[in-house]
Structures are given as structure tokens and as C-alpha cells.
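Asker: just need the structure, nothing else, for what follows:
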Amino acid sequence: MSNAVQKKRIAIFGSTGSIGTQALEVIRANLDLFEAEILTAQTNDELLIQQALEFNPNAVVIGDETKYQKVKEALSATDTKVFSGEAALEEVADFDSYDMMLAGIVGFAGLKPTLKAVAKGKAVGLANKETLVVAGDIVMQKAMQNRAPVIPVDSEHSAIFQCLVGEGRNKIEKIILTASGGPFLGKKPNFLVNVKRDHALQHPNWTMGAKISIDSATLMNKGLEMIEAKWLFNLQPEQIQVVVHPQSIVHSMVQFEDGSIKAQMGLPDMKLPIQYAMAFPQRIKNNFPRLEFKKFPSLSFEEPDVKTFRNLALATQALFKAGNMPCILNAANEIAVWAFLRNRIGFLDITAVVEQAMEKVHFIEKPTLEEYFETDGEARNFAASLIKM
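Answerer: The predicted structure follows:
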């Protein structure tokens with residue numbers, strides 16, 4: 001008998017993005033524990049090829065079908081199977097050959113492969129918030145039925161998850177999600193009206209992809225996280241609170257019914273929650289920089305300014321209204337952020353687009369999965385028509 005530890009085979013969906021590349025750094029540092037089994041990318045064929053040559057996965061998917069030939073030729077001397085197109089994402093998510101999916105695809109596009117993974121009872125390291133924002137009830141129900149562990153990778157939800165380990169039977173009174181406040185903390189609408197994309201992409205504490213950076217600047221990110229937390233931790237909307245914490249050292253907190261609060265802290269580094277999810281239930285050694293309190297002599301907390309950053313108010317509204325409202329909020333926001341990143345609309349227009357979609361798109365109280373897909377399409381079309389795309 002060999003006493004080698006069975007390596008955990010990781011399927012990284014969205015391997016060329018911010019989460020995916022950092023997950024591969026974790027794998028690279030722990031080749032005795034993990035291997036990359038599946039890698040997928042939407043358009044970045046160059047990086048996908050490079051990753052595949054280094055990590056030798058069983059399969060890769062390039063979403064953009066026009067790049068299939070190029071990837072196939074580049075990997076022709078390897079054993080890696082090459083697939084392309086949207087349907088291929090679901091196809092490889094259905095493979096038996098991996099132990100855990102790291103769901104790092106941005107936006108609504110991450111929903112279908114994630115549903116496939118939980119239907120198979122696979123562990124999912126969830127870095128895609130939109131999946132639970134859009135169809136949290138269905139995803140979590142499927143995960144329960146198939147005993148598929150869903151381990152959050154978002155730093156805030158990872159923090160809450162870590163605070164709950166060992167507290168299984170204890171009731172949560174509320175959770176407190178911390179927000180950095182983004183690059184425009186303390187600013188007023190007369191300033192925000194002139195904000196351009198490059199300014200909005202500069203986050204003070206975290207390095208992230210473009211979409212999530214804009215969502216952080218508008219505070220929509222925190223709104224999506226509230227909705228995600230409701231499903232992940234089975235909470236009522238009134239049990240979820242947001243507090244602005246500009247230093248981003250306390251990643252989130254849980255208050256139990258005795259009033260005691262647990263917090264998870266550390267330097268802002270996404271590799272930590274990624275590594276935690278991948279190695280769970282073990283914690284593994286690393287050489288990431290450590291938090292030194294003398295460098296942070298004071299940690300501060302304040303109420304979010306929802307009058308200025310109205311996206312947070314809209315998301316809270318969607319959280320309480322439930323049904324397909326979070327799906328509408330998310331779809332309109334994805335289109336609005338896309339337009340803002342291309343300088344088609346202004347910073348404050350993002351909120352206006354979302355608000356109008358929430359007023360106009362058909363509300364459904366208990367949607368089926370099919371209706372979620374229809375709502376997503378309808379809200380996107382509506383938002384696009386406002387932007388005159």
C-alpha cells in the first residue's frame with residue numbers, strides 16, 4: 001500500500017479570470033494535495049493554453065468556438081481533451097473525474113455548470129455570487145438533495161462559514177457583512193456623476209476582475225452578497241446587516257442568539273478563502289503575508305450611505321421582495337456594468353437602469369428554473385433597450 005494522500009481533483013470553471021488564476025497559484029504551491037482536472041475559459045485562449053501545458057488537465061473548454069482549432073492544435077501533443085461552446089461547459093461539469101468544482105465564471109453564465117455539479121453531488125467552491133442571487137432556492141435545494149457541499153469562496157461568505165464551523169446547533173441571530181465602501185467611500189452624487197471607468201476600477205484593498213470592481217464601487221456587490229448569504233446560510237432578510245469597514249481586515253461577523261459575535265480576520269487576499277474552500281475541512285500551511293495589528297492601530301466601522309449608493313438599497317429591496325426580483329436586479333446590473341465599462345453610460349446610470357428594470361420586468365413570486373432563465377433574458381433585453389445598445 002502506498003501511503004500517498006489521494007489528491008483532490010479540482011475543476012476550475014473560469015480558470016483565466018481573477019479567481020481561477022489565484023486558484024492555480026494555490027494548486028501550484030500544493031501539488032501534493034491538488035491537481036487541476038478541468039480548466040475552462042470564455043475567450044482567453046492564450047492563457048488557457050499556457051495553463052493546460054503547465055497543469056496537464058484531463059479536459060479544457062474554450063467558450064468561444066472560433067478559438068477551438070487554435071487551442072486544439074496547441075494541445076495536440078498532450079492527453080488533454082479539448083471542447084468548445086457553451087453546452088460543453090455543462091458537458092464537462094457532468095464528468096465524474098473531478099472532486100470539486102471551483103465556480104469562478106462571472107455572472108449568470110456560471111449558473112448552468114454549477115447546477116450540473118450539485119446535481120452530481122460534487123463539492124462546489126462557489127466564487128460566483130450571481131448563481132445564488134439568480135436561483136438560490138433551486139441551487140441550494142438541489143445541493144441538499146444530492147448532498148453536494150457548497151463552500152463559499154467569496155471572502156465575506158467564507159468568513160461567515162469559518163465562524164460557523166463547530167456552531168452547527170447554535171442559532172444565528174444575525175450576520176454582519178463588512179464592505180470596504182469601495183473607491184468612492186464618502187463621496188456624494190455630484191462627484192459620482194463624473195466618474196469614469198478607470199477611476200471606478202481602482203479598488204483600495206482587493207484585486208479583482210472588472211465586473212466585481214465596478215460592483216464594489218457602486219455597492220451592488222454587497223447587495224448581491226446579502227442575497228447570496230440568505231441562501232447559503234438559510235437566513236431571513238432581517239438577519240443580514242451590512243457595515244462599512246474601510247480597512248477590510250474583518251471579513252465578516254456572525255452574532256449568535258446569546259449576543260456573542262465571532263469575526264474572521266486577515267489581510268485582504270483572495271487566495272486565503274480560495275485555499276480554505278479547496279482544502280476544507282483542513283487548513284493548510286502557506287507563506288501568505290500575515291496581519292500585523294501594529295500596522296492597523298485602528299479598525300473603524302460605519303453605516304453604509306444608501307442614499308448615495310442606491311444600488312445597496314435596491315438590492316435590499318430585491319432581497320425582501322424575493323421571487324425573481326433578485327434575478328431581475330442581477331441581469332439589469334450585468335448589462336449596465338457592461339455598458340459602463342464601455343463608456344456607454346455614466347456611473348449613476350447603472351443604478352437608474354437597475355431601478356427601472358425592477359419596476360417594469362414581470363414579477364414572479366415562485367419561479368421555476370425555466371422562468372428564471374426567461375426573466376434573465378427579459379431583464380437583459382429591457383436594460384439593453386434603455387441603453388439603446
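Asker: how about the nearest residue to residue 7 once chain neighbours are set aside, secondary structure?
Answerer: Of all residues not flanking residue 7 in the chain, residue 35 sits nearest, at 5.0 Å (Cβ to Cβ, 6 or more residues apart in numbering). Yep, even glycine has a C-beta here, placed from its N, CA and C like the rest. Three-state call for residue 35 (DSSP: H, G, I helix; E, B strand; the rest coil): strand.
Asker: residue 35 pairs with what?
Answerer: Beta-bridge pairing for residue 35 (DSSP bridges): residue 9.
Asker: now do the contacts for it.
Answerer: Residues in contact with residue 35 (Cβ atoms under 8 Å, 6 or more residues apart in numbering) are 7, 8, 9, 10, 27, 55.
Asker: with residue 14 instead?
Answerer: Listed by Cβ under 8 Å, 6+ apart, the contact partners of residue 14 are 20, 40, 41, 42, 102, 103, 104, 105, 106, 110, 127, 128.
Asker: okay, now the first one: neighbour count?
Answerer: Spelled out, it's residue 20. For residue 20, the count of nearby residues is 27 (other Cβ atoms under 10 Å).
Asker: picking that back up, out of the contacts of residue 14, flag the one nearest to residue 167.
Answerer: residue 127 (23.5 Å; Cβ to Cβ).
Asker: what's the nearest residue to that closest one if we skip its chain neighbours?
Answerer: Closest to residue 127 by Cβ to Cβ, 6+ apart is residue 153, at 3.8 Å.
Asker: for that neighbour, grab phi and psi.
Answerer: phi -110, psi -20 (degrees, to the nearest 10).
Asker: how many neighbours does it have?
Answerer: By other Cβ under 10 Å, 26 other residues sit near residue 153.
Asker: setting aside sequence neighbours, what's the nearest residue to the spatially most central residue of the chain?
Answerer: Geometric centre of the chain, nearest residue: residue 128, 2.9 Å, by Cα atoms, centre = their mean. What sits nearest to residue 128 in space, not counting adjacent residues and going by Cβ to Cβ, 6+ apart, is residue 110, at 3.7 Å.
Asker: I'd guess that neighbour is in a helix, am I close?
Answerer: Yes: assessed with three-state DSSP, residue 110 lies in a helix.
Asker: who's in contact with it?
Answerer: With Cβ under 8 Å, 6+ apart, residue 110 has these contacts: 13, 14, 103, 104, 128, 130, 131.
Asker: how about those residues in TSV, adding pLDDT and distance to residue 367?
Answerer: As requested, the contacts of residue 110 are exported to TSV (pLDDT from 0 to 100; distance: Cβ to Cβ, whole Å):
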residue	pLDDT	distance to residue 367
13	97	24
14	96	25
103	96	21
104	94	26
128	89	19
130	86	15
131	91	15
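Asker: if any of the residues you listed are buried, give me the ChimeraX selection for them.
Answerer: Selecting only the buried entries of these in ChimeraX, with 16 or more other Cβ atoms under 10 Å as the criterion:
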select :13,14,103,104,128,130,131
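Asker: which pair of the contacts of residue 110 spans the longest distance?
Answerer: Farthest pair in the contacts of residue 110 (Cβ to Cβ) is 13 and 130. Separation: 12.9 Å.
Asker: distance between the helix or strand bottoming out on mean pLDDT in the chain and the chain's centre?
Answerer: When the helices and strands of the chain are scored by mean pLDDT, DSSP states H and E, helix 197-200 comes last with a mean of 90. Relative to its parent chain, helix 197-200 has a centroid offset of 21 Å by Cα atoms, centre = their mean, to the nearest Å.
Asker: and residue 109, how far from residue 128?
Answerer: 9 Å (Cβ to Cβ, to the nearest Å).
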